[in-house]
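[1] I would like to see how this sequence folds:
(chains A and B, ligands or ions: 4)
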Amino acid sequence: MNWVDEAFGDPEFGEGRWYLNPKNHSRQMYKVKKPGEKPAAFGSDPEAQSGRKMGEIMQKRFTDPEEFEKLVKEANAMKEKSPFQIGQVIPLEEAKRVAELSYPVASMSCICRIGARGHEERNEHEYSCTGLGVGMLKWERWPERYKGGVNFMSPEETKEWLTKWNKKGMVHIIMTFGGSYVGGICNCDYPDCGMIRNRVDYGITPGCLKSPWVATVDFDDCNGCGVCVQRCQFGAIKFEVTTEKTNVDQFKCFGCGLCETACPTEAIDLLDRESLPALKEVW
Amino acid sequence: MAVPNFAAIDIDRSKCTIPFACKKCLTGCLQSVFSVSAIKVERGRETNPNEPGTYALHAPHRDKCTGCNDCIELCPEDAITVTFA
Ligand code: SF4
Ligand code: SF4
Ligand code: SF4
Ligand code: SF4
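    Residues are numbered from 1 along each chain as shown, chains lettered A, B, ... in the order given. Ligands and ions are numbered 1, 2, ... in the order given. Okay, the predicted model is just below:
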(Lines give C-alpha, C1' and ligand atoms only; values in the text may rest on other atoms or scores of the structure.)
(Ligands and ions follow the chains in the order given, each with its own letter.)
Protein backbone atom coordinates (compact mmCIF):
# COMPACT_ATOMS: atom_id res chain seq x y z
CA MET A 1 0.00 0.00 0.00
CA ASN A 2 1.29 3.48 -0.75
CA TRP A 3 1.58 6.08 1.98
CA VAL A 4 -1.28 8.26 0.76
CA ASP A 5 -3.71 5.32 0.92
CA GLU A 6 -2.35 4.43 4.35
CA ALA A 7 -2.92 7.96 5.61
CA PHE A 8 -6.14 8.91 3.85
CA GLY A 9 -7.75 5.73 2.47
CA ASP A 10 -10.66 3.86 4.04
CA PRO A 11 -10.79 0.08 3.41
CA GLU A 12 -14.59 0.29 3.17
CA PHE A 13 -14.50 2.48 0.08
CA GLY A 14 -12.89 2.12 -3.34
CA GLU A 15 -10.41 -0.64 -2.37
CA GLY A 16 -8.91 1.66 0.24
CA ARG A 17 -7.67 4.21 -2.30
CA TRP A 18 -7.46 7.72 -0.91
CA TYR A 19 -9.04 9.38 -3.92
CA LEU A 20 -12.09 7.08 -3.72
CA ASN A 21 -12.68 7.77 -0.03
CA PRO A 22 -15.84 9.93 0.07
CA LYS A 23 -14.59 11.73 3.16
CA ASN A 24 -11.79 13.26 1.15
CA HIS A 25 -14.34 14.68 -1.28
CA SER A 26 -16.67 16.24 1.23
CA ARG A 27 -14.46 18.77 2.92
CA GLN A 28 -14.43 22.40 2.05
CA MET A 29 -11.31 23.69 0.43
CA TYR A 30 -11.79 27.11 1.91
CA LYS A 31 -12.72 28.04 5.43
CA VAL A 32 -15.96 29.81 6.17
CA LYS A 33 -15.11 32.89 8.15
CA LYS A 34 -16.63 33.03 11.63
CA PRO A 35 -18.12 36.33 12.81
CA GLY A 36 -15.39 38.65 14.03
CA GLU A 37 -12.62 36.59 12.39
CA LYS A 38 -10.12 38.38 10.19
CA PRO A 39 -9.95 37.22 6.56
CA ALA A 40 -7.00 34.96 5.81
CA ALA A 41 -4.05 36.77 4.29
CA PHE A 42 -3.72 36.54 0.48
CA GLY A 43 -1.50 33.58 -0.33
CA SER A 44 -1.79 31.94 3.09
CA ASP A 45 -3.65 28.91 1.72
CA PRO A 46 -1.87 25.53 1.69
CA GLU A 47 -1.48 25.58 -2.07
CA ALA A 48 0.32 28.92 -2.03
CA GLN A 49 2.45 27.82 0.91
CA SER A 50 3.43 24.62 -0.84
CA GLY A 51 4.30 26.64 -3.94
CA ARG A 52 6.54 28.96 -1.95
CA LYS A 53 8.29 26.07 -0.22
CA MET A 54 8.85 24.41 -3.57
CA GLY A 55 10.30 27.65 -4.93
CA GLU A 56 12.75 27.94 -2.05
CA ILE A 57 13.94 24.38 -2.47
CA MET A 58 14.21 24.63 -6.26
CA GLN A 59 16.39 27.72 -5.89
CA LYS A 60 19.00 25.56 -4.16
CA ARG A 61 19.72 23.78 -7.46
CA PHE A 62 21.76 26.78 -8.44
CA THR A 63 23.33 27.77 -5.15
CA ASP A 64 23.86 24.50 -3.32
CA PRO A 65 23.07 21.31 -5.27
CA GLU A 66 23.95 19.03 -2.34
CA GLU A 67 21.55 20.86 -0.10
CA PHE A 68 18.95 20.61 -2.86
CA GLU A 69 19.25 16.82 -2.98
CA LYS A 70 19.04 16.67 0.78
CA LEU A 71 15.94 18.86 1.02
CA VAL A 72 14.16 16.89 -1.71
CA LYS A 73 14.92 13.63 0.09
CA GLU A 74 13.65 15.05 3.35
CA ALA A 75 10.45 16.41 1.82
CA ASN A 76 9.80 13.07 0.07
CA ALA A 77 10.30 11.19 3.34
CA MET A 78 7.80 13.36 5.19
CA LYS A 79 5.04 11.60 3.26
CA GLU A 80 1.59 12.79 4.26
CA LYS A 81 3.19 15.68 6.15
CA SER A 82 5.00 16.66 2.98
CA PRO A 83 5.14 20.41 2.38
CA PHE A 84 4.24 19.71 -1.25
CA GLN A 85 0.91 19.05 -2.84
CA ILE A 86 0.02 15.38 -3.14
CA GLY A 87 -0.87 13.91 -6.51
CA GLN A 88 -1.12 10.48 -8.08
CA VAL A 89 -1.24 9.28 -11.66
CA ILE A 90 -4.43 7.32 -12.37
CA PRO A 91 -5.67 5.56 -15.50
CA LEU A 92 -8.77 6.75 -17.35
CA GLU A 93 -11.14 4.21 -15.77
CA GLU A 94 -10.15 5.37 -12.28
CA ALA A 95 -10.60 9.01 -13.22
CA LYS A 96 -14.11 8.10 -14.38
CA ARG A 97 -14.85 6.58 -10.98
CA VAL A 98 -13.89 9.88 -9.39
CA ALA A 99 -16.29 11.63 -11.79
CA GLU A 100 -19.08 9.48 -10.32
CA LEU A 101 -18.11 10.26 -6.76
CA SER A 102 -17.25 13.93 -6.68
CA TYR A 103 -19.66 16.85 -6.80
CA PRO A 104 -19.59 19.38 -8.27
CA VAL A 105 -17.02 18.89 -11.04
CA ALA A 106 -15.95 21.82 -13.18
CA SER A 107 -13.38 22.18 -15.93
CA MET A 108 -11.07 25.17 -16.02
CA SER A 109 -7.81 26.29 -17.54
CA CYS A 110 -4.52 24.62 -16.66
CA ILE A 111 -2.25 26.78 -14.57
CA CYS A 112 0.92 24.87 -15.53
CA ARG A 113 0.57 25.36 -19.26
CA ILE A 114 -0.10 29.06 -18.87
CA GLY A 115 3.16 29.46 -16.98
CA ALA A 116 5.39 27.09 -18.92
CA ARG A 117 4.27 27.80 -22.48
CA GLY A 118 2.10 30.89 -22.20
CA HIS A 119 -0.69 28.57 -23.40
CA GLU A 120 -4.15 29.95 -22.71
CA GLU A 121 -7.28 27.85 -22.50
CA ARG A 122 -10.10 30.29 -23.01
CA ASN A 123 -13.34 28.32 -22.89
CA GLU A 124 -14.87 24.96 -22.02
CA HIS A 125 -13.65 23.43 -25.29
CA GLU A 126 -10.08 24.24 -24.35
CA TYR A 127 -10.09 23.77 -20.55
CA SER A 128 -7.91 20.80 -19.60
CA CYS A 129 -7.98 20.86 -15.81
CA THR A 130 -10.80 20.07 -13.38
CA GLY A 131 -11.59 21.27 -9.93
CA LEU A 132 -13.63 19.03 -7.67
CA GLY A 133 -15.90 19.90 -4.79
CA VAL A 134 -17.59 22.92 -3.32
CA GLY A 135 -14.56 25.15 -3.79
CA MET A 136 -15.60 25.42 -7.43
CA LEU A 137 -18.68 27.39 -6.42
CA LYS A 138 -16.37 30.06 -5.08
CA TRP A 139 -14.37 30.25 -8.30
CA GLU A 140 -17.49 30.55 -10.38
CA ARG A 141 -18.26 33.80 -8.62
CA TRP A 142 -14.99 35.37 -9.77
CA PRO A 143 -14.54 34.33 -13.38
CA GLU A 144 -11.96 37.00 -14.05
CA ARG A 145 -9.91 35.97 -11.09
CA TYR A 146 -9.80 32.43 -12.25
CA LYS A 147 -9.04 33.15 -15.92
CA GLY A 148 -12.22 32.73 -17.89
CA GLY A 149 -14.07 30.96 -15.11
CA VAL A 150 -15.18 27.38 -14.75
CA ASN A 151 -17.55 25.07 -16.58
CA PHE A 152 -19.66 22.71 -14.48
CA MET A 153 -20.04 19.19 -15.87
CA SER A 154 -22.32 16.23 -15.12
CA PRO A 155 -20.65 12.86 -14.38
CA GLU A 156 -21.37 11.74 -17.96
CA GLU A 157 -19.91 14.93 -19.43
CA THR A 158 -16.88 14.58 -17.18
CA LYS A 159 -16.24 11.06 -18.46
CA GLU A 160 -16.47 12.20 -22.08
CA TRP A 161 -14.20 15.10 -21.33
CA LEU A 162 -11.61 12.86 -19.64
CA THR A 163 -11.73 10.50 -22.62
CA LYS A 164 -11.13 13.42 -25.00
CA TRP A 165 -7.94 14.41 -23.18
CA ASN A 166 -6.85 10.79 -22.86
CA LYS A 167 -7.12 10.43 -26.66
CA LYS A 168 -4.93 13.49 -27.07
CA GLY A 169 -2.31 11.82 -24.89
CA MET A 170 -2.69 13.45 -21.50
CA VAL A 171 -1.90 11.71 -18.21
CA HIS A 172 -4.59 12.01 -15.52
CA ILE A 173 -3.30 13.11 -12.14
CA ILE A 174 -5.58 13.28 -9.13
CA MET A 175 -4.44 15.76 -6.53
CA THR A 176 -5.09 17.31 -3.19
CA PHE A 177 -5.33 20.95 -2.34
CA GLY A 178 -4.26 21.13 1.27
CA GLY A 179 -4.38 18.10 3.59
CA SER A 180 -6.31 15.17 2.12
CA TYR A 181 -8.93 17.22 0.26
CA VAL A 182 -9.28 15.80 -3.26
CA GLY A 183 -9.25 19.01 -5.23
CA GLY A 184 -8.80 18.19 -8.87
CA ILE A 185 -8.06 15.89 -11.77
CA CYS A 186 -5.50 17.39 -14.11
CA ASN A 187 -4.73 16.25 -17.61
CA CYS A 188 -0.98 16.56 -17.75
CA ASP A 189 1.99 16.20 -19.99
CA TYR A 190 5.73 16.55 -19.77
CA PRO A 191 7.42 19.03 -19.66
CA ASP A 192 4.81 21.71 -19.04
CA CYS A 193 3.11 19.91 -16.14
CA GLY A 194 4.92 20.93 -12.97
CA MET A 195 4.04 17.74 -11.11
CA ILE A 196 5.38 15.39 -13.79
CA ARG A 197 8.43 17.51 -14.44
CA ASN A 198 9.33 17.76 -10.78
CA ARG A 199 9.19 14.00 -10.46
CA VAL A 200 10.86 13.02 -13.73
CA ASP A 201 13.57 15.71 -13.76
CA TYR A 202 14.16 16.32 -10.05
CA GLY A 203 12.94 13.26 -8.14
CA ILE A 204 10.25 15.11 -6.20
CA THR A 205 7.73 12.34 -5.59
CA PRO A 206 4.68 13.54 -3.56
CA GLY A 207 3.03 15.44 -6.43
CA CYS A 208 3.26 12.58 -8.91
CA LEU A 209 3.00 9.17 -7.31
CA LYS A 210 2.73 6.18 -9.60
CA SER A 211 -0.67 4.60 -10.13
CA PRO A 212 -1.73 1.32 -8.51
CA TRP A 213 -1.11 -0.43 -11.83
CA VAL A 214 1.71 -1.18 -14.26
CA ALA A 215 1.50 -1.95 -17.95
CA THR A 216 2.27 -5.35 -19.39
CA VAL A 217 2.39 -6.48 -23.03
CA ASP A 218 1.06 -9.73 -24.43
CA PHE A 219 3.60 -10.52 -27.14
CA ASP A 220 1.15 -12.82 -28.94
CA ASP A 221 -1.28 -9.93 -29.45
CA CYS A 222 1.24 -7.18 -30.18
CA ASN A 223 1.64 -6.54 -33.92
CA GLY A 224 4.52 -4.15 -33.50
CA CYS A 225 2.68 -1.09 -34.82
CA GLY A 226 4.47 1.21 -32.35
CA VAL A 227 1.44 3.37 -31.51
CA CYS A 228 1.93 2.89 -27.76
CA VAL A 229 5.53 4.09 -27.89
CA GLN A 230 4.46 7.61 -28.78
CA ARG A 231 2.05 7.76 -25.87
CA CYS A 232 4.43 7.20 -22.96
CA GLN A 233 5.60 10.32 -21.17
CA PHE A 234 7.81 8.47 -18.74
CA GLY A 235 10.25 6.80 -21.09
CA ALA A 236 8.97 3.37 -20.06
CA ILE A 237 8.26 1.96 -23.53
CA LYS A 238 10.67 1.09 -26.26
CA PHE A 239 10.12 -0.60 -29.56
CA GLU A 240 12.43 -3.57 -29.66
CA VAL A 241 13.84 -4.15 -33.12
CA THR A 242 14.89 -7.74 -32.41
CA THR A 243 11.47 -9.00 -31.41
CA GLU A 244 9.49 -6.45 -33.42
CA LYS A 245 7.35 -5.96 -30.36
CA THR A 246 7.00 -3.26 -27.84
CA ASN A 247 8.85 -3.50 -24.56
CA VAL A 248 7.74 -1.97 -21.26
CA ASP A 249 10.18 -1.30 -18.46
CA GLN A 250 7.83 -1.87 -15.55
CA PHE A 251 10.22 -0.20 -13.11
CA LYS A 252 9.86 3.03 -15.07
CA CYS A 253 6.15 2.63 -15.82
CA PHE A 254 3.83 5.03 -13.97
CA GLY A 255 0.71 3.01 -14.77
CA CYS A 256 -1.04 5.88 -16.55
CA GLY A 257 -2.57 3.46 -19.06
CA LEU A 258 -2.10 5.77 -22.05
CA CYS A 259 -0.41 2.97 -23.98
CA GLU A 260 -3.27 0.64 -23.09
CA THR A 261 -6.04 2.96 -24.30
CA ALA A 262 -4.24 3.48 -27.64
CA CYS A 263 -3.28 -0.08 -28.52
CA PRO A 264 -5.39 -1.25 -31.49
CA THR A 265 -4.97 -4.95 -30.68
CA GLU A 266 -5.56 -4.76 -26.92
CA ALA A 267 -2.14 -6.25 -26.36
CA ILE A 268 -1.50 -4.07 -23.32
CA ASP A 269 -3.02 -4.73 -19.92
CA LEU A 270 -2.70 -2.99 -16.62
CA LEU A 271 -1.56 -5.27 -13.78
CA ASP A 272 -2.07 -4.61 -10.11
CA ARG A 273 1.23 -3.09 -9.01
CA GLU A 274 1.07 -4.91 -5.70
CA SER A 275 0.83 -8.28 -7.45
CA LEU A 276 4.46 -7.85 -8.52
CA PRO A 277 6.81 -8.42 -5.57
CA ALA A 278 9.53 -6.15 -6.94
CA LEU A 279 7.14 -3.29 -7.64
CA LYS A 280 4.72 -3.27 -4.75
CA GLU A 281 6.80 -0.69 -2.90
CA VAL A 282 7.67 1.29 -6.01
CA TRP A 283 5.40 4.34 -6.00
CA MET B 1 30.28 18.87 -5.14
CA ALA B 2 30.95 22.00 -7.13
CA VAL B 3 28.06 24.05 -8.46
CA PRO B 4 27.47 22.59 -11.94
CA ASN B 5 28.03 24.64 -15.05
CA PHE B 6 24.45 25.70 -15.63
CA ALA B 7 23.57 28.33 -18.18
CA ALA B 8 23.18 31.83 -16.87
CA ILE B 9 20.17 33.29 -18.65
CA ASP B 10 19.68 37.00 -18.58
CA ILE B 11 16.38 38.48 -19.64
CA ASP B 12 16.43 42.20 -20.30
CA ARG B 13 13.02 43.30 -19.09
CA SER B 14 13.35 46.70 -20.66
CA LYS B 15 13.27 44.87 -23.99
CA CYS B 16 11.03 41.93 -23.12
CA THR B 17 7.98 43.90 -22.02
CA ILE B 18 5.01 41.79 -23.14
CA PRO B 19 6.16 38.16 -22.76
CA PHE B 20 2.65 36.73 -22.34
CA ALA B 21 1.62 38.19 -25.68
CA CYS B 22 4.91 37.42 -27.47
CA LYS B 23 5.77 34.00 -25.94
CA LYS B 24 8.16 33.09 -28.79
CA CYS B 25 10.84 31.75 -26.43
CA LEU B 26 8.24 30.09 -24.20
CA THR B 27 6.86 27.97 -27.01
CA GLY B 28 10.12 27.62 -28.94
CA CYS B 29 12.53 26.27 -26.32
CA LEU B 30 12.96 22.51 -26.68
CA GLN B 31 13.88 22.18 -23.02
CA SER B 32 10.98 24.32 -21.77
CA VAL B 33 13.33 26.46 -19.74
CA PHE B 34 11.13 29.54 -19.49
CA SER B 35 8.01 30.51 -17.62
CA VAL B 36 5.80 33.56 -17.51
CA SER B 37 3.89 35.02 -14.58
CA ALA B 38 1.65 37.98 -13.95
CA ILE B 39 3.37 40.73 -12.00
CA LYS B 40 0.58 43.26 -12.11
CA VAL B 41 -2.41 41.90 -10.25
CA GLU B 42 -5.23 44.26 -9.36
CA ARG B 43 -7.80 43.07 -6.83
CA GLY B 44 -6.76 39.50 -7.55
CA ARG B 45 -7.12 39.97 -11.31
CA GLU B 46 -4.41 39.70 -13.89
CA THR B 47 -4.32 42.57 -16.33
CA ASN B 48 -3.94 43.17 -20.04
CA PRO B 49 -1.12 41.00 -21.52
CA ASN B 50 -0.51 43.62 -24.22
CA GLU B 51 0.24 46.32 -21.69
CA PRO B 52 4.01 46.51 -21.11
CA GLY B 53 5.11 45.39 -17.66
CA THR B 54 2.05 43.35 -16.71
CA TYR B 55 3.82 40.00 -17.08
CA ALA B 56 7.39 38.91 -16.52
CA LEU B 57 9.49 36.18 -18.10
CA HIS B 58 11.69 33.86 -16.01
CA ALA B 59 14.07 30.99 -16.72
CA PRO B 60 13.30 28.60 -13.85
CA HIS B 61 14.68 25.55 -15.63
CA ARG B 62 17.96 27.03 -16.78
CA ASP B 63 19.60 23.90 -15.36
CA LYS B 64 18.03 22.12 -18.36
CA CYS B 65 19.33 24.60 -20.92
CA THR B 66 21.67 23.04 -23.47
CA GLY B 67 22.90 26.29 -24.95
CA CYS B 68 21.31 25.69 -28.34
CA ASN B 69 20.59 29.45 -28.67
CA ASP B 70 17.22 28.87 -30.38
CA CYS B 71 15.55 31.33 -28.00
CA ILE B 72 18.04 34.04 -28.92
CA GLU B 73 17.26 33.56 -32.58
CA LEU B 74 13.52 33.54 -31.94
CA CYS B 75 13.44 36.66 -29.79
CA PRO B 76 12.33 39.71 -31.80
CA GLU B 77 13.65 42.08 -29.13
CA ASP B 78 17.17 40.69 -28.53
CA ALA B 79 16.21 40.40 -24.88
CA ILE B 80 17.88 37.09 -24.01
CA THR B 81 21.51 36.32 -23.25
CA VAL B 82 22.65 32.77 -22.53
CA THR B 83 26.14 32.28 -21.13
CA PHE B 84 28.08 29.35 -19.79
CA ALA B 85 30.98 29.88 -17.42
S1 SF4 C 1 0.18 -0.34 -29.70
FE2 SF4 C 1 -0.26 -2.47 -29.16
S3 SF4 C 1 0.08 -3.62 -31.04
FE4 SF4 C 1 1.03 -1.61 -31.34
S5 SF4 C 1 3.19 -1.93 -30.68
FE6 SF4 C 1 2.07 -1.21 -28.89
S7 SF4 C 1 1.44 -3.10 -27.83
FE8 SF4 C 1 1.99 -3.68 -29.90
S1 SF4 D 1 4.26 2.24 -20.16
FE2 SF4 D 1 2.12 2.78 -20.57
S3 SF4 D 1 1.16 2.80 -18.54
FE4 SF4 D 1 3.35 2.83 -18.22
S5 SF4 D 1 3.86 4.99 -18.02
FE6 SF4 D 1 4.17 4.47 -20.18
S7 SF4 D 1 2.22 4.92 -21.20
FE8 SF4 D 1 1.84 4.90 -18.98
S1 SF4 E 1 10.95 35.97 -27.31
FE2 SF4 E 1 12.01 37.73 -26.41
S3 SF4 E 1 10.47 39.35 -26.25
FE4 SF4 E 1 9.37 37.42 -26.64
S5 SF4 E 1 8.84 36.69 -24.60
FE6 SF4 E 1 10.79 35.76 -25.09
S7 SF4 E 1 12.36 37.14 -24.28
FE8 SF4 E 1 10.42 38.26 -24.32
S1 SF4 F 1 19.57 28.22 -25.39
FE2 SF4 F 1 18.19 26.64 -26.18
S3 SF4 F 1 17.82 25.29 -24.39
FE4 SF4 F 1 18.70 27.19 -23.62
S5 SF4 F 1 16.93 28.43 -23.08
FE6 SF4 F 1 17.49 29.01 -25.17
S7 SF4 F 1 16.24 27.70 -26.48
FE8 SF4 F 1 16.18 26.82 -24.43
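
[2] what ranges do the strands span in chain A?
    Ranges of strands in chain A, per DSSP state E, are A:87-90, A:105-108, A:129-132, A:151-153, A:171-176, A:182-188, A:213-217, A:237-240, A:245-248, A:268-272.

[3] take those strands and lay them out in TSV including mean neighbour count.
    Yep, even glycine has a C-beta here, placed from its N, CA and C like the rest. Supplementary listing: the strands of chain A in TSV, determined by neighbours: other CB atoms under 10 Å in any protein chain shown:
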stretch	mean neighbour count
strand A:87-90	28
strand A:105-108	25
strand A:129-132	26
strand A:151-153	18
strand A:171-176	26
strand A:182-188	26
strand A:213-217	22
strand A:237-240	16
strand A:245-248	19
strand A:268-272	18
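
[4] distance of residue A:255 relative to ligand 2?
    Distance of residue A:255 to ligand 2, computed by CB to the nearest ligand atom, to the nearest Å: 5 Å.

[5] isn't that residue right next to residue A:91, touching?
    Yes - at 6.7 Å, residue A:255 and residue A:91 qualify as touching, with contact defined as CB atoms under 8 Å.

[6] who's more crowded, the two?
    Applying other CB atoms under 10 Å in any protein chain shown to residue A:255 and residue A:91 shows that residue A:255 carries more neighbours, namely 27 against 22.

[7] show me the contacts for the more buried one.
    A:89, A:91, A:210-215, A:270, A:273 (CB atoms under 8 Å, 6 or more residues apart in numbering or on different chains).

[8] name the nearest of those relative to residue B:25.
    residue A:89 (29.6 Å; CB to CB).

[9] what sits against the closest one?
    Contacts for residue A:89 were tallied using CB under 8 Å, 6+ apart; they are A:171-173, A:208-211, A:254-256.

[10] before we move on, what about residue A:9?
    By CB under 8 Å, 6+ apart, the residues touching residue A:9 are A:1, A:16-18, A:20-21.

[11] how about the nearest residue to residue A:3, chain neighbours excluded?
    Of all residues beyond its chain neighbours, the one nearest residue A:3 is residue A:79 (4.3 Å), with distances taken as CB to CB, 6 or more residues apart in numbering or on different chains.

[12] surely the one you found is in contact with residue A:5?
    No - checked against CB under 8 Å, the pair residue A:79 and residue A:5 is beyond contact range at 11.3 Å.

[13] can you tell me which residues contact residue A:36?
    Residues touching residue A:36, when contacts are defined by CB under 8 Å, 6+ apart, are absent altogether.

[14] my bad, should have said residue A:86
    A:4, A:80, A:175-176, A:180, A:206-207, A:209.

[15] from those, which is closest to residue A:248?
    Of all the contacts of residue A:86, the one with the least separation from residue A:248 (CB to CB) is residue A:209, at 18.8 Å.

[16] count of neighbours near whichever residue of the stretch 101-250 of chain A sits closest to ligand 2?
    Minimum separation of the stretch 101-250 of chain A from ligand 2 (CB to the nearest ligand atom) falls at residue A:232, amounting to 3.2 Å. Residues within reach of residue A:232, counting by other CB under 10 Å, total 23.

[17] distance of the closest residue to it other than its chain neighbours from ligand 4?
    Spatial nearest neighbour of residue A:232, excluding adjacent residues (CB to CB, 6+ apart): residue A:259 at 5.9 Å. Counting by CB to the nearest ligand atom, the gap from residue A:259 to ligand 4 is 29 Å.

[18] and for residue A:259, the neighbour number?
    By the measure other CB under 10 Å, the count of residues near residue A:259 is 23.

[19] so who does it touch?
    For residue A:259, the set of contacting residues under the criterion of CB under 8 Å, 6+ apart consists of A:215, A:228-229, A:231-232, A:237, A:246, A:248, A:268.

[20] tell me the spacing between residue A:233 and residue A:180.
    Counting by CB to CB, to the nearest Å, the gap between residue A:233 and residue A:180 amounts to 26 Å.

[21] any low-confidence regions in chain B?
    B:1-3, B:43-46 (pLDDT under 70).

[22] return the residues in contact with whatever residue of it ends up closest to chain A.
    In chain B, the residue found nearest to chain A is residue B:23; the distance is 3.5 Å by CB to the nearest CB. For residue B:23, the contacting residues are A:117-118, B:36, taking CB under 8 Å, 6+ apart as the criterion.

[23] can you redo the residues you listed as JSON lines with neighbour count and distance to ligand 1?
    Conversion of these to JSON lines gives the following (neighbours: other CB atoms under 10 Å in any protein chain shown; distance: CB to the nearest ligand atom, whole Å):
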{"residue": "A:117", "neighbour count": "20", "distance to ligand 1": "28"}
{"residue": "A:118", "neighbour count": "22", "distance to ligand 1": "33"}
{"residue": "B:36", "neighbour count": "23", "distance to ligand 1": "36"}
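
[24] dump the residue contacts of residue 10.
    Let's take chain A. For residue A:10, the residues meeting the contact criterion (CB under 8 Å, 6+ apart) are A:16, A:21, A:23.

[25] other chain: chain B
    Contact partners of residue B:10, counting by CB under 8 Å, 6+ apart, are B:80-83.

[26] what are the bridge partners for it, then?
    Listed by DSSP bridges, the beta-bridge partners for residue B:10 are residue B:81.

[27] and the contacts of stretch A:271-283?
    Contacts of stretch A:271-283 from elsewhere in the structure, counted by CB under 8 Å, 6+ apart, are A:1-3, A:205, A:209-216, A:250-251, A:255.

[28] which among these gets closest to residue A:59?
    Out of these, the member with the shortest distance to residue A:59 (by CB to CB) is residue A:205, at 19.5 Å.
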